[in-house]
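> below: sequence and its predicted model.
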Amino acid sequence: MPIKTPAELPALEGLFAENIFAMDSDRATKQNIRPLNVGILNLMPNKIETELQILRLLSNTPLQINIDLIRIDETAPKNTPASHMDAFYHSFSEVKDKKYDGLIVTGAPLGNLEYEDVKYWDKMTLLMDWSKRNVQSTIFLCWAAHAAMYHFYKVPRILRESKLSGVFEHQVLDEKNELMRGFDPYFWAPHSRVGEIPEQDYASVNGLSVLASSEQAGVYIAASDDKRQVYVTGHPEYDPLTLDQEYHRDIEADLGPSVPENYYRNDNPQQDVMVRWKSHGNLFFTNWLNYYVYQTTPYDLNELN
């Protein structure tokens with residue numbers, strides 16, 4: 001939440017110079033406050049697990065948030081009961097006439113497929129175009145981040161020779177961007193993907209800035225200058241054992257996976273997991289809700305365009 005100060009306080013000018021969000025008393029008294037409406041398009045197979053991961057992070061704020069869980073189509077997911085989907089999820093057709101303050105589009109296990117070969121790609125492109133008109137700010141996670149870069153800017157991804165899996169050190173590249181507020185200069189974050197987009201391809205897009213990257217994992221967070229689109233190539237929402245579960249799943253599927261890097265103590269799967277990304281994950285979602293959603297969204301969502 002912002003700091004409220006008297007308009008004449010000398011410190012206010014210093015806060016603004018450091019790009020720290022504060023407001024004077026006049027602005028504070030004119031604010032209209034209402035609950036935020038946030039949609040979650042869940043593309044992951046185990047939807048219940050993903051719901052918990054994301055909702056846990058969204059709950060770490062004093063803001064009241066109304067959540068809509070959204071499904072891309074009516075296909076029955078393999079790892080989620082149909083009764084759960086029927087009870088808690090809306091089809092896109094049911095929400096397409098709504099406006100949202102925020103939208104989160106999860107990753108999906110589709111890394112080896114060409115985008116046009118994804119069975120719901122046409123619906124996905126329709127939803128991405130819809131989000132530009134009907135959502136104040138959208139986060140695209142992992143596969144969805146690459147898919148959105150391809151759809152909006154025709155930037156292709158490159159398939160890696162081997163899957164990127166592990167927890168990697170990243171550097172903040174723009175410490176004054178509100179999304180990076182409070183981050184340490186270097187921080188850790190999980191990745192689990194087979195695709196990547198070179199940093200120069202992000203930099204080639206006008207109005208798009210890379211905010212954090214890694215020497216090993218590449219670009220981690222990029223955002224449009226108008227705060228309407230956020231691209232996150234990793235998984236700040238992951239639970240401590242998610243990468244461990246993926247690793248053993250790939251072993252059982254005889255995929256010959258490499259041990260996730262910087263994840264198990266001494267890189268030994270028989271030892272404990274080193275959890276060192278949860279604080280950054282909470283801070284990222286809190287900053288997004290505050291600076292990219294709450295402070296920018298119109299009180300009347302019908303004013304979105």
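Structure's in. What do you need?

> isn't H151 right up against T125?
Yes: counting by CB atoms under 8 Å, T125 is a contact partner of H151 at 5.5 Å. C-beta here means a position set from N, CA and C on the backbone, and glycine is covered the same way.

> give me the three-state assignment for V219.
Secondary structure state of V219, per DSSP: H, G, I helix; E, B strand; the rest coil, is strand.

> A helix includes D129, no?
Yes: counting by three-state DSSP, D129 falls inside a helix.

> just give me the neighbour total for it.
Burial measure for D129: 12 neighbouring residues, criterion other CB atoms under 10 Å.

> any idea how far it lies from F92?
12 Å (CB to CB, to the nearest Å).

> can you check Y186 too?
39 Å.

> the two: who's more crowded?
More neighbours surround F92 than the other of Y186 and F92, with 18 against 11 (other CB under 10 Å).

> that one contacts D122, correct?
No: F92 lies out of contact with D122 (CB under 8 Å); the separation is 11.5 Å.

> please enumerate the helices of the stretch 1-150 of the chain.
Secondary structure of the stretch 1-150 of the chain, counting by DSSP state H, counting those that start in this stretch: helices at 10-17, 25-30, 47-58, 82-88, 92-95, 121-134, 143-153.

> list the buried residues for the third one?
For helix 47-58, a neighbour-count test (16 or more other CB atoms under 10 Å) marks 47, 50-51, 53-54, 57-58 as buried.

> ok, back up a step: shared neighbours of H151 and T125, which are they?
When CB atoms under 8 Å, 6 or more residues apart in numbering defines a contact, no residue borders H151 and T125 alike.

> okay, and for the protein, where does confidence drop off?
1-16, 18-32 (pLDDT under 70).

> now do the biggest strand by length in it and helix 143-153, the angle between them.
In the chain, assigned by DSSP state E, the strand with the most residues is strand 158-172. Strand 158-172 runs at 100 degrees relative to helix 143-153, counting by axes from the mean of the first three to the mean of the last three CA atoms, to 10 degrees.

> what does strand 158-172 contact?
111-112, 180, 183-198, 211-217, 220, 234, 243, 246-247, 257-258, 260-263, 274, 276-277.

> could you list which of those belong to helices?
Counted as lying in helices by DSSP state H, out of the contacts of strand 158-172, are 243, 246-247.

> can I get those residues in JSON lines including neighbour count and distance to R34?
Listed next are the ones in helices among the contacts of strand 158-172 as JSON lines, based on neighbours: other CB atoms under 10 Å; distance: CB to CB, whole Å:
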{"residue": "L243", "neighbour count": "23", "distance to R34": "38"}
{"residue": "E246", "neighbour count": "17", "distance to R34": "39"}
{"residue": "Y247", "neighbour count": "22", "distance to R34": "43"}
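
> in a markdown table: the residues you listed, plus distance to Q171.
Output for the ones in helices among the contacts of strand 158-172, formatted as a markdown table (distance: CB to CB, whole Å):
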| residue | distance to Q171 |
| --- | --- |
| L243 | 21 |
| E246 | 25 |
| Y247 | 26 |
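
> now, of the helices of the stretch 1-150 of the chain, which is deepest in the fold?
helix 143-153 (a mean of 22; mean count of other CB atoms under 10 Å).

> which outside residues touch that helix?
With CB under 8 Å, 6+ apart as the criterion, helix 143-153 contacts 41, 43, 105-111, 115, 124-125, 128, 140, 155-157, 193, 195, 197, 201-202, 205, 208, 229, 231-233.
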